[in-house]
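**Student:** from the sequence below, what's the structure:
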Amino acid sequence: MLKLNLPLYKFKIKINEQGKKLIFDEVRKKYVTLTPEEWVRQNFLKYLIIEKKYPKTLISVEMQLYLNNRSKRSDIVVFNQNAKPKLIVECKSTKVAINNKVFDQIKDYNIKLRVDFLIVTNGLKHFCCKIDYENNKCIFMKNIPSYKLLKNR
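**Tutor:** Just a heads-up that it's a prediction; the model follows:
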């Protein structure tokens, strides 16, 4: 798979009976089909867990949400110890440009979750913003917050 703008991590990868590549998701504790978007998601999960010290037990992958009576799935949602959502990550394939459409998608998820931070990544570029609900704006950050910063909010 393509080298991403993240540290290199080791993964459990296998090929199933139909010849499809599967990657082990440590959060969901199962093998999932290795698509270009899944490659980005799995690498970003490792980054959050290893580099930023996010507890696996407080992360949900492909969490189902209902918006306007339609079922959606958020790539990554991180909670605090009180089960309050604090951060959403939207992952895209490296071939997908990060644009307003991608930000609109994650903003829609946030209508339901009302988190403090939003992250959009295609594995090559990562954008993180802190939500300022009082002033109704997004403040872009230079760095992705560690879990310590996240849980203290």
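**Student:** nearest the middle, which residue of this protein would you pick?
**Tutor:** In the chain, the residue lying closest to the centroid (C-alpha atoms, centre = their mean) is residue 89, at 3.0 Å.
**Student:** tell me the contacts of that residue?
**Tutor:** By C-beta atoms under 8 Å, 6 or more residues apart in numbering, residue 89 lies in contact with 44, 48, 75, 76, 77, 78, 119, 120, 121. Every residue, glycine included, has its C-beta placed from N, CA and C.
**Student:** how many neighbours does the fourth one have?
**Tutor:** Spelled out, that is residue 76. Residues near residue 76, counting by other C-beta atoms under 10 Å, number 22.
**Student:** show me what the host helix or strand of it pairs with in its sheet, parallel or antiparallel.
**Tutor:** In this assignment (DSSP states H and E), residue 76 forms part of strand 70-79. According to DSSP bridges, strand 70-79 forms sheet pairs with strand 59-67 (antiparallel), strand 85-91 (antiparallel).
**Student:** wait, residue 60 touches residue 76, no?
**Tutor:** Yes - with contacts counted by C-beta atoms under 8 Å, residue 60 reaches residue 76, the gap being 7.3 Å.
**Student:** from the chain's centre, how far out does the helix or strand bottoming out on mean pLDDT in the chain sit?
**Tutor:** When the helices and strands of the chain are scored by mean pLDDT, DSSP states H and E, helix 147-151 comes last with a mean of 81. Taking C-alpha atoms, centre = their mean, to the nearest Å, the mean C-alpha location of helix 147-151 is offset from the chain mean by 16 Å.
**Student:** contacts for it next, please.
**Tutor:** For helix 147-151, contacts defined as C-beta under 8 Å, 6+ apart pick out 48, 52, 53, 54, 55, 78, 80, 81, 86, 87, 116, 117.
**Student:** what's opposite the closest residue to residue 71 other than its chain neighbours in the beta bridge?
**Tutor:** Using C-beta to C-beta, 6 or more residues apart in numbering and skipping residues adjacent in sequence, the residue nearest residue 71 is residue 64, 6.0 Å away. On the basis of DSSP bridges, residue 64 is bridged to residue 73.
**Student:** so, low pLDDT: which residues of this protein?
**Tutor:** Within the chain, the segments meeting pLDDT under 70 span 151-153.
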